[in-house]
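Trainee: how would this look folded up:
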Amino acid sequence: MCLIFLTIYHEFYILNKPCCFSAGADALEASVAAVSKYGGASAGYRTMLDALIPASAVLKQVTS
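Mentor: Just a heads-up that it's a prediction; the model follows:
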């Protein structure tokens, strides 16, 4: 969970992205990628990624 918040912090504050829904979608997508990379899980592993991956996809679709 901490990795998700650290990635979102990095997207908004370190990279100075504007705070809007499309940037939030990008931050959530980056968080999912980070959790997958460092945790080794992906869709179907019965982890929190099974909820975050579809949520990220829907948010990305709605904001594009």
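
Trainee: Find the centremost residue of the protein, please.
Mentor: Closest residue to the average C-alpha location of the chain: Leu28 at 2.1 Å, with CA atoms, centre = their mean.

Trainee: and it, what does it touch?
Mentor: 8, 52, 55-56, 59 (CB atoms under 8 Å, 6 or more residues apart in numbering). The C-beta positions use only the backbone N, C-alpha and C, and glycine is treated the same way.

Trainee: Most neighbours out of the residues you listed, which is it?
Mentor: Using other CB atoms under 10 Å as the neighbour test, the contacts of Leu28 are led by Ser56, with 20 neighbours.

Trainee: Please give the element, helix or strand, for Lys60.
Mentor: Element membership for Lys60 (DSSP states H and E) is helix 49-63.

Trainee: Extract the C-alpha trace of that helix and format it as CSV.
Mentor: Only the C-alpha atoms of helix 49-63 are listed here, as CSV (Å, rounded to 0.1, in the frame of the first residue of the first chain):
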residue,chain,number,x,y,z
LEU,A,49,-4.1,-5.6,-8.3
ASP,A,50,-7.2,-7.6,-9.3
ALA,A,51,-9.2,-4.5,-8.2
LEU,A,52,-6.7,-1.8,-9.2
ILE,A,53,-6.0,-2.9,-12.8
PRO,A,54,-9.7,-2.6,-13.9
ALA,A,55,-10.1,0.6,-11.9
SER,A,56,-7.1,2.1,-13.6
ALA,A,57,-8.3,1.0,-17.0
VAL,A,58,-11.8,2.5,-16.5
LEU,A,59,-10.3,5.8,-15.1
LYS,A,60,-7.9,6.0,-18.1
GLN,A,61,-10.8,5.4,-20.5
VAL,A,62,-13.1,8.0,-18.9
THR,A,63,-10.4,10.7,-18.9
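
Trainee: Most widely separated two among the contacts of Leu28?
Mentor: Within the contacts of Leu28, Ile8 and Ala55 form the most distant pair, 13.5 Å apart (CB to CB).
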